[in-house]
Structure formats: structure tokens, C-alpha cells
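1. Kindly generate the corresponding structure for this input.
(chains A, B, C and D)
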Number of protein chains: 2
Amino acid sequence: MLDDGRTQPDGRTGTDGGGAEAPLYRRVKTYVLERIRDGALQPGDRVPSEHELVAALGVSRMTANRALRELTAEGRLTRVAGAGTFVAPAKPLGTVLEIRNIADEIQARGGAHSARVLHLATEPAAGEVAEGFGRPAGTPLFHSILVHAENGRPILLEDRWVAPDAAPDYLAQDFAQATPSEHLLAVAPVREVEHLVEAVLPDARTRTLLDMEVGEPCLLLRRRTWIAAAEAETEGGPGEGAETAPEGRAEGRAEGRVASLVELWFPGGRYRLGGRFRPG
Amino acid sequence: MLDDGRTQPDGRTGTDGGGAEAPLYRRVKTYVLERIRDGALQPGDRVPSEHELVAALGVSRMTANRALRELTAEGRLTRVAGAGTFVAPAKPLGTVLEIRNIADEIQARGGAHSARVLHLATEPAAGEVAEGFGRPAGTPLFHSILVHAENGRPILLEDRWVAPDAAPDYLAQDFAQATPSEHLLAVAPVREVEHLVEAVLPDARTRTLLDMEVGEPCLLLRRRTWIAAAEAETEGGPGEGAETAPEGRAEGRAEGRVASLVELWFPGGRYRLGGRFRPG
DNA sequence: AAGTGGTCTAGACCACCGA
DNA sequence: CGGTGGTCTAGACCACTTG
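-> Numbering: from 1, shown residues only, chains lettered A, B, ... in the order given. As a prediction, this is how the structure comes out:
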């Protein structure tokens, strides 16, 4: 049994003395999780079936089902219709780093954000940029270069290319007010994001713009975002949020088009990427 | 109505011509998501209540409930008992970077991983390390230093401190076989992880060990992991996986103890952190 | 008081797996 | 074939928010 022996339908505790009790489905989850934690259930082992949980814990099948379904969505279990439910292999530990809008981030820590637009124009896609977009060289793209500052001190050089069809009004924006990132988020629903982070030495121009010492390294973050391919895409595809096991992510190639390609240069001495994360 | 007009209880299509149909709860999710996508429902707007969905779509309340509950778990909606269901504010775009076990990562791209143990001993916690662990200076900790190589070329310097109670057998491990990360994952369930990434210039020793040029920067990843505080901690706390909205993460301080503190030094020219990600 | 979400149940049909 | 998960329903009680 679980905490107490109530088996009756709706024989809920009702107005018993205050002590809030966990809902049944949660207690079933805990029941399974504890057996995983203490080693009674190892990865690959078969978990009690819904029927068995019904019999063992005195809950309804729907409740047992919800518990196991949520644990599956959380990546702890694997289910095979007709076969059974099994403990998922241990996660490799991963996924991190919050990457937020720079303006929000600065404000969050009490700083004053400002931005200076160095460049804003339409340009034909060059070699690497064209490749990144998967479009032929010469394709016209919007190109912007901004320097973001915190309390007047430059903290980010943003070099961005944007597909005109993803954000037709891009050139008309006042990026001192809303960052390019904010504008794009508002007008183009992001379908997929790719990040690369590396440590590099900035070229002279970047170093100067960011007011850095000679020899000081930069954190360089390259980001590509995809938008949906103008289709109905009535859901159902991959990436169904909590519904899909984490493993599913690496698979499918995005079918959308690249909406933007951006290089973010942070001064190594003044900026760190960070993130805190609780594994499932 | 949804795809077809079936309203009858269990008046399922049964053995109709093959065309697999989406389950009802999924169609309800799509119904709501489409109204969000096409702008009919803006962030903050009230979503049809379960009752209204029952009336409008001819599904049972449990089905409508499941649809809205899952969308909430996926971060698309916010629910307030007694008040209603609302479209969640647009996500600030973020979270990325897979950080995996270096040995797995190298193998995944077809390389040969090897590791050399430079140091492995018990030492008293010094200033910064003691602080990081939240324990008094002088507390005995395990300390290991390894150099990982891909095809013989050094690619990672790992400087790690481990709490003895989290992994009592740490000193007895053969880290040429299983990395410290793998050992810790196996013996201590991680409760929380914190990462910091920055670009720095390595000191001479690190530069030499990683076979780097003078002036070449490093990607430095600092990671702290927490384990549960030896308590029953019967779940229920914060961080219930898919159950919790993403916002919840930044809040609570972990109540567990720091299990390990590690600095990972990557040669800037030879390593990039990357990740691909589909927003909910 | 009316409406909302939160939970739970008992029973049902289905497709699929494995013996 | 029996067992397993996958889904759906109708109805119920509860605590909470709102007017």
C-alpha cells in the first residue's frame, strides 16, 4: 500500500486534519521512483504493469496509467505497447546553459542596457553565410551589426544575418529599443535553434569595439534559428515537447528554412555563460 | 468539430480504411496550438475551459483535461485552479548546449579516447574549493587531475574535487577505463547541476598539458553537481521534470550537498560546445 | 453561487506483443 | 491466446477563484 490504506472509490480523506496529502498518481510515481533510486529496479528492468499497480496499490488503472505515462514523458521509463514498461537507461547528464536575450539578462542583474547600431543594410549572402543559410550565394539578406553595453561598457558584439521573408520589417526597427532578438521572436516563431560556443581571439576590429586588451579571448556563440517552412505543419511531427523522449532530439533534420544566423562575441573577462539544471 | 464528427462514446472509427487518425487528446492540443500560432490566442489570453472544449469539440472532460494538462507541462499554457487556463508568455528562447561525457562524445564521432591520470589523492579543501562545496576549509576531499585525449591529441584537462561521502570508492577507480564522470553518475544520483562557461587564457601548466600555442584561449567549463541530502526526499519538491514550468527552475536553492566540483579546460582551437534544440 | 481546474474511478474498446 | 499499453468516457468530489 501507499501512505494509507484507502482503497474506496472517493473514500477520500475529506476534511481530515489539514496535512495535505500528495495526489494518488504522484504517490504511484514516487513508488516507482523510489524503487529505481534504491536499486531495486535497474535500467532495463521491467516495471510493474498498470494492472499490477492497480492490484498492489489499490488505485484505478487510469491513475496508474497517468503515473507511468508522466514518468515516460520525463524520460525515466520506456513503454512498449504489448510488451511492458521498462526503466530507461541512465541519462548521460547534459543539457545546460541558459542563453537569454542580452537586454533581459542585463536588466535582471540590475544593469542598464544600451545598444548601438553600427550597420544595418541589405547585402548579398557571401560564402560562409550563404552556406549557413543553405541558399545560393548572392541571395539578398539583411545584415546588422550592433554593440550592446551594460552601464556603458560594451559587453557584446552582435553580427546578424536575417532572411527577409522571415522578418520583412527588420530594417525598419529601432534596435536601440528592442533588440533584434526580441523583434525576431515576435514576428517569426522559432522552430529550431542551433548553438556553437567556442573560445577565440578576437580580430582587431572586434577587440576595439568591445574595448578589450590585446590577447584577451572572446567567448564566441554562433546561433542559427529555423522557422517553419510556411506549411500547415499541423503538429504531430517530432519534438512534441514532454511527449517525446530526449533521445528524439538529435534525429530529425529541420525541414524549415534558416531564418537567422548570428555571431555573438563576448569579452572573455567580462562575461560567462551559465546555467543551472535539474536532471529528470 | 475536429477532423470528423464522431461524438458517440466509443463510436470509434474501428476498422475503417487504414488512415491512422490522431488520438482525440492530440487533436485537442492541435486545436489550441493552432489558435496560438495563428494569433487568435495571444500570450495572456484565456484559453477555452475544459467545459467549453467538451461542448465545442464533443470530447469528454478527461480528454480535454489531458490535452490542456500536457500543454501546460510543455510550457505553452498556464493554469490557475478556479480562475482558468491562459496562454503562457512567449519563451525567451534559450537553453541549449549538450554537455556530454567526453569519452562518449569522442567515440560518437569515431575518435579514440584515452585518459591519463596526473593526480589522484585526498586533500584538504582550500579557499575557493571549500567555498564551492559550502564546507569549512580543511575538509578532506578527493582531488583528481586527468588529461583526456582524442586520437592521442590532448583535448581536455579535467581538474575535479569530489566529496568522499558521495563516492567513497573514488580513489580506487581506474579512470583510464571509466571516466570520473561515469563513475560518479553510477554511484551518486545527481540532483542538480550548475555550469559556467567562459573564455580564458590558460596558465602555462595547462597550456603545456593541452599542447597549445602561446596566446591560444581555452574554453573553461566549471561544473558543480549536487546530490540529495541523504534524506528520504520523497519527491514532491520543486523540479518535477515535465511537470514544472521552465520558470520554476531558477528559483529554489538545492537542499542537497555539493558532490563534485570540476573545471574542464578545452583548447579553444580544437573544441566547440554545441547543441541543437527545438523550442516547445 | 457559479465556474474553474485537480483528481479519481470503473469500465470499455483497440492494437500490439509474445508465447 | 492472454497480457500490455493507448485511449476514451461519464460521472463524481474537492478546493479554489471570481463576481
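
2. Please make it C-alpha for all contacts and neighbour counts, starting now.
-> Fine.

3. Mind splitting chain A into its structural domains?
-> Following automatic domain parsing, one gets these domains for chain A: A:24-87, A:102-267.

4. out of these, which comes closest to residue B:257?
-> With Cα to Cα as the criterion, residue B:257 lies closest to domain A:24-87 of those, at 17.2 Å.

5. That closest one near DNA strand C at all?
-> Yes - shown here: domain A:24-87 in contact with DNA strand C (Cα under 7 Å from any atom of the strand) through A:24-26, A:58-63, A:80-83.

6. so which of those would you say is closest to residue B:176?
-> Relative to residue B:176, the closest of the residues of domain A:24-87 next to DNA strand C is residue A:80; by Cα to Cα it sits at 36.7 Å.

7. re earlier: now the domains of chain A in TSV, with distance to chain B, mean pLDDT and mean neighbour count?
-> Output for those, formatted as TSV (distance: least, Cα to the nearest Cα, whole Å; pLDDT from 0 to 100; neighbours: other Cα atoms under 10 Å in any protein chain shown):
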stretch	distance to chain B	mean pLDDT	mean neighbour count
domain A:24-87	6	93	18
domain A:102-267	4	83	17
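
8. what's the closest of those to residue B:151?
-> Ranking these by distance to residue B:151, with Cα to Cα as the measure, places domain A:102-267 first at 20.8 Å.

9. circling back: and the domains of chain A: which comes nearest DNA strand D?
-> domain A:24-87 (2.9 Å; Cα to the nearest atom of the strand).

10. what's the span of that closest one from first residue to last?
-> End-to-end distance of domain A:24-87 (Cα to Cα, to the nearest Å): 21 Å.

11. from the chain's centre, how far out does the host helix or strand of residue A:67 sit?
-> Here residue A:67, judged by DSSP states H and E, is contained in helix A:61-73. Once both centres are worked out by Cα atoms, centre = their mean, to the nearest Å, helix A:61-73 turns out to sit 25 Å from its chain's centre.

12. Equivalent analysis for stretch A:190-202, please.
-> Relative to its chain's centre, stretch A:190-202 lies at 14 Å (Cα atoms, centre = their mean).

13. Convert the C-alpha atoms of it to PDB, please.
-> Presented in PDB, the C-alpha positions along stretch A:190-202 are these (Å, rounded to 0.1, in the frame of the first residue of the first chain):
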ATOM      1  CA  VAL A 190      11.300  29.600 -34.000                       C
ATOM      2  CA  ARG A 191      11.200  26.000 -35.000                       C
ATOM      3  CA  GLU A 192      14.700  25.000 -34.100                       C
ATOM      4  CA  VAL A 193      17.900  26.500 -32.700                       C
ATOM      5  CA  GLU A 194      21.500  25.500 -33.100                       C
ATOM      6  CA  HIS A 195      24.300  26.800 -31.000                       C
ATOM      7  CA  LEU A 196      28.000  26.600 -31.100                       C
ATOM      8  CA  VAL A 197      30.300  28.000 -28.400                       C
ATOM      9  CA  GLU A 198      34.000  28.400 -28.600                       C
ATOM     10  CA  ALA A 199      36.800  30.400 -27.200                       C
ATOM     11  CA  VAL A 200      38.700  32.500 -29.800                       C
ATOM     12  CA  LEU A 201      40.900  35.500 -30.000                       C
ATOM     13  CA  PRO A 202      39.000  38.500 -31.500                       C
END
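
14. Now do the contacts for the residue in the stretch 1-150 of chain A that DNA strand C sits nearest to.
-> Closest residue of the stretch 1-150 of chain A to DNA strand C, Cα to the nearest atom of the strand: residue A:24 (2.8 Å). Under the criterion of Cα atoms under 8 Å, 6 or more residues apart in numbering or on different chains, the neighbours of residue A:24 are A:59, A:63.

15. got the contact list for stretch A:115-124?
-> For stretch A:115-124, contacts defined as Cα under 8 Å, 6+ apart pick out A:137-149, A:171, A:175-176.

16. wait, stretch A:171-179
-> A:103, A:114-117, A:120-121, A:142, A:183.

17. how about 10 Å then?
-> Stretch A:171-179 has contacts (Cα atoms under 10 Å, 6 or more residues apart in numbering or on different chains) with A:101-104, A:113-117, A:120-122, A:142-144, A:146, A:148, A:162, A:164, A:180-185.

18. Now the residue of the stretch 1-150 of chain A closest to DNA strand C, what are its backbone angles?
-> Per-residue torsions, residue A:24: phi -60, psi -50 (degrees, to the nearest 10).

19. can you tell me how far it sits from residue A:62?
-> 11 Å.

20. Show me the common contact partners of these two, please.
-> Listed as contacting both residue A:24 and residue A:62 by Cα under 10 Å, 6+ apart is no residue at all.

21. before we move on, back to that, tell me the helices and strands packed up against the helix holding residue A:67.
-> Counting by 3 or more Cα pairs under 10 Å, 6 or more residues apart in numbering or on different chains; DSSP states H and E, the packing neighbours recorded for helix A:61-73 are helix A:24-37, helix A:50-57, strand A:77-80, strand A:84-87, helix B:61-73.

22. let's see 8 Å
-> With contacts taken as 3 or more Cα pairs under 8 Å, 6 or more residues apart in numbering or on different chains; DSSP states H and E, helix A:61-73 sits against helix A:24-37, helix A:50-57, strand A:77-80.

23. and that helix, does that touch DNA strand D?
-> Yes - using Cα under 7 Å from any atom of the strand, helix A:61-73 reaches DNA strand D at A:61-62, A:65, A:69.

24. and those residues as TSV, adding distance to residue B:31?
-> Output for those, formatted as TSV (distance: Cα to Cα, whole Å):
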residue	distance to residue B:31
A:61	28
A:62	24
A:65	24
A:69	22
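
25. Which secondary structure elements does the helix or strand harbouring residue A:128 sit against?
-> Here residue A:128 sits within helix A:127-133, counting by DSSP H and E. Using 3+ Cα pairs under 8 Å, 6+ apart as the contact test, the elements touching helix A:127-133 are strand A:257-267.

26. Show me how far the strand it packs on is from its chain's centre.
-> On the basis of Cα atoms, centre = their mean, strand A:257-267 sits 16 Å off its chain's mean C-alpha point.

27. and if you look at stretch A:206-217?
-> How far stretch A:206-217 lies from its chain's middle: 30 Å, per Cα atoms, centre = their mean.

28. Need the CA coordinates for that stretch. CSV is fine.
-> Extracted in CSV, the C-alpha atoms of stretch A:206-217 (Å, rounded to 0.1, in the frame of the first residue of the first chain):
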residue,chain,number,x,y,z
THR,A,206,36.1,43.3,-32.6
ARG,A,207,38.7,43.8,-29.9
THR,A,208,38.4,47.6,-30.3
LEU,A,209,34.6,47.6,-30.4
LEU,A,210,34.5,45.6,-27.2
ASP,A,211,37.1,47.7,-25.6
MET,A,212,39.3,44.7,-24.8
GLU,A,213,43.0,44.2,-24.1
VAL,A,214,45.3,42.7,-26.7
GLY,A,215,45.4,38.9,-26.1
GLU,A,216,42.2,38.7,-24.2
PRO,A,217,40.0,36.0,-25.5
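
29. end to end, how far does stretch A:71-84 reach?
-> OK, stretch A:71-84 end separation, Cα to Cα: 14 Å.

30. ok so, going back, let me have the helices and strands packed on helix A:61-73 in JSON lines, extended by distance to residue A:272.
-> Formatted as JSON lines, those follow (distance: least, Cα to Cα, whole Å):
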{"stretch": "helix A:24-37", "distance to residue A:272": "34"}
{"stretch": "helix A:50-57", "distance to residue A:272": "47"}
{"stretch": "strand A:77-80", "distance to residue A:272": "35"}
